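> here is the input, now give the coordinates:
(2 chains)
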Amino acid sequence: MRKVKEEKKILKNFFGEKERKYIGIKRALEMKPEEIIEEVKKSGLRGRGGAGFPTGIKWESLRKNIKPRFLICNADEGEPGTFKDRELLDKAPHLLIEGMMIAMYAIGADKGFIYLRKEYNYLKEKIYIEINEAKKFFNFDIKIFEGAGAYICGEETALLESMEGKRPEPRLKPPYPVSYGLLGYPTVINNVETLCNIPIIIKNGSEWFKKIGTEKSTGTKLFSVSGSVKKPGVYEFEMGKITLRELIYDICGAEKVIGVFPGGISTPPLKEDELDVNLDFESLLEKGSSIGSGGVIVFDDKIPLIKILRKTSEFFKNESCGKCTPCREGTFWLWKILKDIEDKNIKEEGFDIALSICEKIKGKCFCPLGETCAITCENFIKKFKDKLKEEI
Amino acid sequence: MKEEFEKILKEFENKRISLLQILNYVNEKRGFIDEKDIEEISQFLEIPKNEIKSLISFYHFLNNKKKKRIYVCSNITCLLKGAEEIISYLKNFPEIEVVETECIGQCDNAPCCIVENKVYKNLKKEKIKELIKDEKG
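Numbers count the residues shown, from 1 in each chain, chains lettered A, B, ... in the order given. Have a look, this model is predicted:
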């Protein structure tokens, strides 16, 4: 393993100084709500759930003069290979609660909810302890809403439907949740990691925060690395200051690598020779992939590539909500043909059929689920075609 | 159970928002949700039974059968770490229903599974025997 340079050290913004909690919220309460939003806007913080929308702008665009208004923390982290929010909820729940309190004050929210995925139910008590402690000092209403196991609920409008006790099928956007959210009231929905950044920004100022990372991707990012590496886990790095190759080889001790999903399986995989890419929003976009949720999955040749590809399509087939036809049918038939290839019922001409199915899904789906399935599988087939053909 | 329903409704202040929480509660308390529960919830919240059933069929963790479920992750990281072997081994135990589920967010400790909100990490064959014994006991 090579030694990692000083500036590429693993950071501890999130998991340090537990004893100094509530500094951010105390400072925030001395500010006007507009000033907080301005500060968050200036910091350049972008959503950490996958889409990377500027947080300050989201807060600012909340529909005015209507009560009640809500803040929802999206803790329905379902993207395969992602467990950074779990680590935050487990080791730094105080940051989340503080971030939520600041956000609620800034946007004037009456109530805050944490939509916690069922798989993280065991963390519920820990979070409640933190909520109850915060309640001793501050007057905020934050509750945990428990999911029941559905990937689609991570999509913000499906999450709203889920909370309203309906089948979690995404809504048509616009209207966006900031104008028509929970029960029709203005709602801001932010990812766990995004909200955990808020107290850090308010405590240290936007100028300080902006100096971390790159011009367009400010701050640090959590990466959860898993798969064929010696040291899987959650690592915090400055945006754009470390390459994917350094992360998986030098930090996590990968030995043999065939490919990598850089941000969960919703992001197109990168081949071994494409790993020299900085980890920030823009650099990965240039490579035709995305930083996604920061769920880095490294795979080698221990299991056949066709199995990984089939599983990718199977995941989306299983998790498709069934609302729109291109996704419901498309992901099914894509999975079916890949399964046939894996079971050796069809030879390599199957890949052409798979690619044509991807073509028919792309651009036609109601929400990003079907879309990302097609794009990921298409990229996977094109990039690893030779190896896939060898296998069958 | 009605008392608990009232408590949930009081906490969330809205019948629709309480629905999934009540379903979760019943499912956890008894391990499954049956026709009688659906009837009771439907009356309590004034939500049609069919709507409630459509939710139960949608979510992975809501169960309408009496059999105990073990949710084993079969996603990519777990596959790389030998989940298939674990799943086929688990099928030797007829008293438990094996559900292949998607990523449960424990990829750094793959392979992994969930039984009644409890997470089991770094699964190995030997561990499973004990796990099943625990769950039975």
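
> going forward, measure contacts between C-alpha atoms and count neighbours the same way
Noted.

> can you map out the strands along chain B?
With DSSP state E, the ranges of strands along chain B come out as B:68-73, B:96-101, B:113-115, B:118-120.

> is the lengthiest helix in chain B up against chain A anywhere?
Taking DSSP state H as the criterion, chain B has its longest helix at helix B:15-30. Yes. Helix B:15-30 is in contact with chain A by CA under 8 Å from any CA of the partner chain, via B:Arg16, B:Ile17, B:Ser18, B:Leu19, B:Leu20, B:Gln21, B:Asn24.

> need the contact partners of that helix.
A:145-148, A:162-165, B:5, B:8-9, B:12, B:32-33, B:37, B:41, B:45, B:62-63, B:116 (CA atoms under 8 Å, 6 or more residues apart in numbering or on different chains).

> would you mind putting the CA coordinates of it into CSV?
In CSV, the C-alpha atoms belonging to helix B:15-30 read as follows (Å, rounded to 0.1, in the frame of the first residue of the first chain):
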residue,chain,number,x,y,z
LYS,B,15,-54.9,9.5,10.2
ARG,B,16,-53.2,9.1,6.9
ILE,B,17,-49.7,9.7,8.4
SER,B,18,-50.4,7.3,11.2
LEU,B,19,-51.4,4.4,8.8
LEU,B,20,-47.9,3.1,8.0
GLN,B,21,-46.8,3.5,11.6
ILE,B,22,-49.7,1.5,12.8
LEU,B,23,-49.0,-1.2,10.3
ASN,B,24,-45.4,-1.3,11.4
TYR,B,25,-46.5,-1.6,15.0
VAL,B,26,-48.9,-4.5,14.4
ASN,B,27,-46.3,-6.2,12.2
GLU,B,28,-43.7,-5.9,14.8
LYS,B,29,-45.9,-6.9,17.7
ARG,B,30,-47.3,-10.0,16.1
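
> buried stuff in it?
Using 16 or more other CA atoms under 10 Å in any protein chain shown as the test for burial, helix B:15-30 gives B:15-28.

> what about that helix, distance to the chain center?
12 Å (CA atoms, centre = their mean, to the nearest Å).

> now do stretch B:55-62
9 Å.

> now do stretch A:25-34
With CA atoms, centre = their mean, you get 28 Å for stretch A:25-34.

> show the average pLDDT along that stretch.
For stretch A:25-34, mean pLDDT is 95.

> who touches that stretch?
A:Ile36, A:Glu98, A:Gly99, A:Met101, A:Ile102, A:Tyr105, A:Ala106, A:Ile107, A:Gly108, A:Pro199, A:Ile202, A:Lys203.

> buried sites along that stretch?
Neighbour-count burial for stretch A:25-34 [16+ other CA under 10 Å]: A:Ile25, A:Lys26, A:Ala28, A:Pro33.

> take those residues and keep only those in helices.
Going by DSSP H, the helices hold A:Ile25, A:Lys26, A:Ala28, A:Pro33 from the buried residues of stretch A:25-34.

> re earlier: emit the ChimeraX select command for whichever of the contacts of helix B:15-30 are buried.
A single ChimeraX command suffices to select whichever of these are buried according to 16+ other CA under 10 Å:
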select /A:145,146,147,148,162,163,164,165 /B:5,8,9,12,32,33,41,45,62,63,116
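
> now, the contacts of helix B:15-30 that are in helices?
Using DSSP H, these in helices are A:Ser162, A:Met163, B:Phe5, B:Ile8, B:Leu9, B:Phe12, B:Asp37, B:Ile41, B:Leu45.

> residues contacting the residue nearest the centre of chain B?
Compute the mean C-alpha point of chain B, and by CA atoms, centre = their mean the closest residue is B:Phe61, 3.3 Å away. Neighbour list for B:Phe61: A:Lys118, A:Ala148, A:Gly149 [criterion: CA under 8 Å, 6+ apart].

> please apply the same query to A:Asp141.
A:Asp110, A:Lys111, A:Gly112.

> hmm, try it at 6 Å
Contact partners of A:Asp141, counting by CA atoms under 6 Å, 6 or more residues apart in numbering or on different chains, are A:Lys111.

> how close does it sit to chain B?
Using CA to the nearest CA, to the nearest Å, A:Asp141 is found at 11 Å from chain B.

> before we move on, what about A:Ser61?
25 Å.

> what number of residues lie near the closest residue to that residue other than its chain neighbours?
Closest residue to A:Ser61 apart from its sequence neighbours, by CA to CA, 6 or more residues apart in numbering or on different chains: A:Val178 at 6.6 Å. Neighbours of A:Val178 under the rule other CA atoms under 10 Å in any protein chain shown: 24.

> does A:Val178 count as helix, strand or coil?
coil (DSSP: H, G, I helix; E, B strand; the rest coil).

> hang on, isn't it packed against A:Ile189?
No. Counting by CA atoms under 6 Å, A:Val178 stays clear of A:Ile189, with 8.2 Å between them.

> what residues of the helix or strand containing A:Ile381 count as buried?
Per DSSP states H and E, A:Ile381 falls inside helix A:368-383. For helix A:368-383, a neighbour-count test (16+ other CA under 10 Å) marks A:368-381, A:383 as buried.

> burial count for residue 54?
Answering for chain A, as no chain was given. Neighbours around A:Pro54, by other CA under 10 Å: 16.

> that was the other one, I meant chain B.
B:Ser54: 12 neighbours (other CA under 10 Å).

> can you check B:Asp134 too?
9.

> and it, how far is that from B:Phe61?
Distance of B:Asp134 to B:Phe61, computed by CA to CA, to the nearest Å: 20 Å.

> which residues does the closest residue to A:Ile142 other than its chain neighbours form a beta bridge with?
Leaving aside its sequence neighbours, A:Ile142 sits nearest to A:Gly112 (CA to CA, 6+ apart; 4.5 Å). Applying DSSP bridges to A:Gly112 gives these bridge partners: A:Leu71, A:Ile142.

> mind checking how far A:Gly112 is from chain B?
In terms of CA to the nearest CA, A:Gly112 sits 11 Å off from chain B.

> any idea how far the host helix or strand of A:Ile57 is from the chain center?
Following DSSP H and E, one finds A:Ile57 within helix A:55-60. With CA atoms, centre = their mean as the basis, helix A:55-60 stands 18 Å off its chain's centre.

> state the mean pLDDT of the helix holding A:Ile381.
pLDDT averaged over helix A:368-383 gives 96.

> report all helices and strands that it contacts.
Applying 3 or more CA pairs under 6 Å, 6 or more residues apart in numbering or on different chains; DSSP states H and E, we find helix A:368-383 packed against no helix or strand.

> number of nearby residues for A:Asn190?
A:Asn190 - counted by other CA under 10 Å - has 24 other residues nearby.

> wait, a strand at it?
Yes. Judged by three-state DSSP, A:Asn190 forms part of a strand.

> domain boundaries for the chain, per the record?
The chain I'm using is chain A. A:13-210, A:220-299, A:305-391 (automatic domain parsing).

> the chain in question should be chain B.
Split by automatic domain parsing, chain B gives B:2-58, B:68-136.

> any idea of the mean pLDDT in the shortest one?
Per-residue pLDDT over domain B:2-58 has a mean of 96.

> that one: end-to-end distance?
So domain B:2-58: terminal residues 24 Å apart, CA to CA.

> pull the contacting residues for A:Thr55.
Counted by CA under 6 Å, 6+ apart, A:Thr55 has contacts A:Leu45, A:Arg46, A:Gly47.

> tell me how many other residues crowd the nearest residue to the last one once chain neighbours are set aside.
So that's A:Gly47. The shortest distance from A:Gly47 to any non-neighbouring residue, by CA to CA, 6+ apart, is to A:Phe53 (5.1 Å). By the criterion of other CA under 10 Å, A:Phe53 has 15 neighbours.

> from chain B, how far out is A:Phe53?
24 Å.

> check A:Leu183 too.
Taking CA to the nearest CA, one finds A:Leu183 at 9 Å from chain B.

> the closest residue to that residue other than its chain neighbours and B:Phe12: what is the separation?
In space, and not counting its chain neighbours, A:Leu183 is closest to A:Glu164: 7.0 Å by CA to CA, 6+ apart. Separation of A:Glu164 from B:Phe12 (CA to CA): 11 Å.

> got it, and A:Gly219?
35 Å.
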